[in-house]
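# Sequence first, then the predicted structure, then my questions.
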Protein chains: 2
Amino acid sequence: MKLPLALAAAALCAAPAFAQDGRQPPPAPQSEPTPKQIADSAPAAEWTEIAPEDLMIITLAPTETGEERQIVIRLMSAPFAQGWVDNLRLLTKTRWYDGLWVYRLVDNFVVQWGDPASDPDAGETPRPLPDEIVLSPESDYVHHTGLTATVADPCADDGFDSAAICDNFAPAAGFREGWPVAWDDSSIWPIHCYGMVGVGRNESPDTGTGSELYAIIGHAPRRLDRNLALVGRVIEGMDHFAALPRGHGRMNTYKDKNTRTLVVSVRLASELEDAPRFEYLSTEGESFARMAKVFATGTNEFYTISAGDTDVCAVPLPVRRVSE
Amino acid sequence: MKLPLALAAAALCAAPAFAQDGRQPPPAPQSEPTPKQIADSAPAAEWTEIAPEDLMIITLAPTETGEERQIVIRLMSAPFAQGWVDNLRLLTKTRWYDGLWVYRLVDNFVVQWGDPASDPDAGETPRPLPDEIVLSPESDYVHHTGLTATVADPCADDGFDSAAICDNFAPAAGFREGWPVAWDDSSIWPIHCYGMVGVGRNESPDTGTGSELYAIIGHAPRRLDRNLALVGRVIEGMDHFAALPRGHGRMNTYKDKNTRTLVVSVRLASELEDAPRFEYLSTEGESFARMAKVFATGTNEFYTISAGDTDVCAVPLPVRRVSE
């Protein structure tokens, strides 16, 4: 048999979507399905459509070669961060973001966009915010469950269960309605995996408004959890953020302002005719649990050794366009 | 006090180097030093120079605007992967890599370079390898210590110690001579953190030669550990890899071959006049342990909540140019 391209790995684990895996021949009938196959063949009831008011569509200026660049963010679900999410919808509907900039990019950390003039040293005039902007308290970085319950330690036993994953940063981690989360005995919070979108701010007690946003473009910087508000996740077009030039000015902003990328427009899908539609694989369903289990514990012709476990931010969170 | 740029985070944790943190004013004398300050002020004896034969210097074609692009890789130390590392030096010295290509890039996963013609479907003629190329066995993906020792479980207690870190993928993880590693009772192996460089291969029993290399450009894909050989780490110029366009062809190769980036040359520092010199902060020293502890458990004016622990791939591994 002709061997295919010698590749680092069957690309099964890129988030937020499965990277293409064309290398392996289709499995023999008795083989285990791959994680991607499990997700793709999950019943329709396990794929949940994302409401159009929860989709933020960012259009960046085209590339120099004329390539269009559209990024789609799924906005955070209740009960998390709703004050900030309301601000994001307000700023979008009032067109506040239009004409602003991607002005900072730190390799293996964040891409950041919004109004660079919020830096008083930048010598630019800040764009005034709408009066209706809400200021959320620091306590809203997490959701307080109102319960106190001892969390069984998932690090204590071998093996993997997506319902509760061993985690360095919390008693347990897992998923909720397609969001990666962690929790302790009285609160639960979204976590800073690759592609997650959060709210830039100054030092405490400032909690930010949503006028400056960042997305994670490297190894999950979990130390940001519970210190900043997470308001969404990039579900399409992450390439357009992740491939931007890195900044080498102060705090890795762009020294040369011409290197900034223009944010042409931001719209909610609910404002658009023929808006794209998306659905995510329910993290409360059987297929997701099985997919995650195979991802964490499975072996195949390429990966012959499995650790039998994985970390929460490595687990794929399948999202796809709704097929019309 | 004028508030500085509202930023996602004081950039203290980008690997392989500390991202610049100019936002915070200098701490008051009684404040805790930051991780970066601890590293920068470590005594000279704790900074270990990297041997010039352990530095692989890749020159990519300049950008369209004429920006030079040089990437420096520190080659893996004994006892890990030395057969493959010997191949990398051989291929470098025989100029085998010169004129080859960055031909694949999967967002949140890998950038890959070498001879794209190794894919028989690519319709290109492969470049013959030198006769002296070594084929290493699969057992060399790890180093067998020859001991059997019960590994105390670092997940069992609270707190953080860089000497042994709670890990989803092994009984323990940590560092060895500047390398991120994990181990069990009888073996130890390097792990796939951001910036680590590994050897592309076909399916088992092929173990690759080093003619195709990849670097990790996203959340650490730890399921690759012990399945592929790790041969180095990008210590400078990671931007030049991470900001390349993503591939959208088969397996995320570049559909349009014109999108590939040319590898102009690869040299060992030992072959160059006026080669750059680098040193790394010893992971066996007191400063590193203290730096990692503050990183994992510290709080400051920006990060007011710490989980009190971190994962092995989040810990900075300071490397710097030797000051002449």
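Done, it's in.
# and A:Glu273, helix, strand or coil?
Assigned with DSSP: H, G, I helix; E, B strand; the rest coil, A:Glu273 falls in the coil class.
# where does it land on pLDDT?
Here, the pLDDT recorded for A:Glu273 equals 96.
# low-scoring stretches of the stretch 51-200 of chain A, by residue?
Flagging of the stretch 51-200 of chain A using pLDDT under 70 yields the residue ranges A:120.
# which bits of it sit near chain B?
Remark: the part of the stretch 51-200 of chain A in contact with chain B comprises A:64, A:104, A:106-110, A:112, A:116, A:118-122, A:138, A:155-156, A:165-166, A:168-170, A:193-195, A:198, A:200, using C-beta under 8 Å from any C-beta of the partner chain. Quick note: C-beta positions are derived from backbone N, CA and C, even for glycine.
# Identify those among those residues that sit within strands.
With strands defined by DSSP state E, the entries of these inside them are A:Arg104, A:Val106, A:Val110, A:Gln112, A:Gly198.
# Number of residues surrounding the fourth one?
Meaning A:Gln112. For A:Gln112, the count of nearby residues is 29 (other C-beta atoms under 10 Å in any protein chain shown).
# Isn't it up against A:Leu213?
Yes: the criterion here is C-beta atoms under 8 Å, and A:Gln112 meets it with A:Leu213 at 7.0 Å.
# Return every residue with contacts to both of the two.
Shared contacts of A:Gln112 and A:Leu213, defined by C-beta atoms under 8 Å, 6 or more residues apart in numbering or on different chains, comprise A:Gly200.
# Which residues are in contact with A:Val266?
Neighbouring residues of A:Val266 by C-beta under 8 Å, 6+ apart: A:Met56, A:Ile57, A:Ile58, A:Thr59, A:Leu91, A:Thr92, A:Arg95, A:Tyr97, A:Asp98.
# who touches the first one in this structure?
It stands for A:Met56. The neighbourhood of A:Met56, defined by C-beta under 8 Å, 6+ apart, consists of A:Val72, A:Ile73, A:Arg74, A:Leu75, A:Leu88, A:Thr92, A:Gly232, A:Val266, A:Arg267, A:Leu268.
# Which ones among those map onto helices?
A:Leu88, A:Thr92 (DSSP state H).
# Could you confirm A:Leu90 falls within a helix?
Yes: with the criterion set as three-state DSSP, the secondary structure at A:Leu90 is a helix.
# Test my guess that it contacts A:Ile133.
Yes: using C-beta under 8 Å, A:Leu90 and A:Ile133 qualify as a contacting pair, with a distance of 6.9 Å.
# how about TSV for the contacts of A:Val266, with secondary structure and distance to A:Glu49 added?
As requested, the contacts of A:Val266 are arranged in TSV below (DSSP: H, G, I helix; E, B strand; the rest coil; distance: C-beta to C-beta, whole Å):
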residue	secondary structure	distance to A:Glu49
A:Met56	strand	16
A:Ile57	strand	16
A:Ile58	strand	20
A:Thr59	strand	22
A:Leu91	helix	24
A:Thr92	helix	20
A:Arg95	coil	26
A:Tyr97	coil	25
A:Asp98	coil	27
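# The residue of the stretch 101-250 of chain A found nearest chain B: neighbouring residues, count only.
Shortest the stretch 101-250 of chain A-to-chain B distance, computed as C-beta to the nearest C-beta: residue-wise this is A:Asp119, at 3.5 Å. Each residue near A:Asp119 was counted by other C-beta under 10 Å, and the total is 23.
# if I look at it, how far off is A:Trp84?
Distance, A:Asp119 to A:Trp84, by C-beta to C-beta, to the nearest Å: 20 Å.
# Now do the phi/psi pair for the spatially closest residue to A:Ala61 that is not a sequence neighbour.
What sits nearest to A:Ala61 in space, not counting adjacent residues and going by C-beta to C-beta, 6 or more residues apart in numbering or on different chains, is A:Leu262, at 4.1 Å. As for A:Leu262, its main-chain torsions (degrees, to the nearest 10) stand at phi -80, psi 130.
# before we move on, what about A:Asn168?
The main-chain torsion angles of A:Asn168 are listed as degrees, to the nearest 10 and equal phi -70, psi -20.
# Report the contact partners of it.
Per C-beta under 8 Å, 6+ apart, neighbours of A:Asn168: A:Arg222, B:Ile165, B:Cys166, B:Ala307, B:Asp309, B:Thr310, B:Asp311.
# Now, of the residues you listed, which are buried?
Of the members of the contacts of A:Asn168, the ones counted as buried by neighbours, 16 or more other C-beta atoms under 10 Å in any protein chain shown, are A:Arg222, B:Ile165, B:Cys166, B:Ala307, B:Asp309, B:Thr310, B:Asp311.
# With respect to B:Thr150, which of the residues you listed is nearest?
B:Cys166 (16.2 Å; C-beta to C-beta).
# Nearest residue to A:Tyr103 in space, please, no chain neighbours.
The nearest residue in space to A:Tyr103 (C-beta to C-beta, 6+ apart) is A:Pro116, at 3.9 Å.
# Against A:His248, how distant is that neighbour?
When distance is defined by C-beta to C-beta, A:Pro116 is 15 Å away from A:His248.
# Which one's more surrounded, those two?
For A:Pro116 versus A:His248, neighbours defined as other C-beta under 10 Å are more numerous around A:Pro116 (21 against 16).
# Make sure that one is actually in contact with A:Thr259.
No: the criterion here is C-beta under 8 Å, and A:Pro116 misses it with A:Thr259 at 11.7 Å.
# that older thread, just give me the closest of the ones in strands among the residues of the stretch 51-200 of chain A next to chain B to B:His144.
Distance to B:His144, by C-beta to C-beta, is smallest for A:Val106 among those, at 38.8 Å.
# Thought A:Gly247 was touching that closest one, still the case?
Yes: counting by C-beta under 8 Å, A:Gly247 is a contact partner of A:Val106 at 6.9 Å.
# Helices along the stretch 101-250 of chain A, start to end?
Along the stretch 101-250 of chain A, the stretches classed as helices by DSSP state H, counting those that start in this stretch are A:238-242.
# ok, so of the contacts of A:Asn168, who is nearest A:Tyr303?
Closest approach to A:Tyr303 among the contacts of A:Asn168 (C-beta to C-beta): B:Asp311, at 20.6 Å.
# who are the neighbours in contact with the closest one?
Contacts of B:Asp311 were listed using C-beta under 8 Å, 6+ apart, and they are A:Asn168, A:Phe169, A:Arg222, A:Asp311, B:Ile165, B:Cys166, B:Asp167, B:Ala173.
# Report the beta-bridge partners for the residue lying closest to A:Asp167 once chain neighbours are set aside.
Distance criterion C-beta to C-beta, 6+ apart; nearest residue to A:Asp167, sequence neighbours excluded, is A:Ala173 at 3.8 Å. With DSSP bridges applied, the residues forming beta bridges to A:Ala173 are A:Ile165, A:Ala182.
# ok, A:Ala173 to B:Leu272 distance?
With the distance defined as C-beta to C-beta, A:Ala173 ends up 46 Å from B:Leu272.
# Over to A:Pro43?
Noted for A:Pro43: a distance of 60 Å to B:Leu272, by C-beta to C-beta.
# ok, those two, which is more surrounded?
B:Leu272 (12 against 9).
# now that one: how far from A:Leu272?
The gap separating B:Leu272 from A:Leu272 is 55 Å, by C-beta to C-beta.
# can you give me the strands for the stretch 201-324 of chain A?
Taking DSSP state E, counting those that start in this stretch as the criterion, the stretch 201-324 of chain A contains strands spanning A:212-216, A:230-236, A:261-268, A:278-281, A:319-321.
# Pull the contacting residues for A:Tyr214.
For A:Tyr214, the contacting residues are A:Val110, A:Val111, A:Gln112, A:Trp113, A:Val197, A:Gly198, A:Val199, A:Gly200, B:Ala8, by C-beta under 8 Å, 6+ apart.
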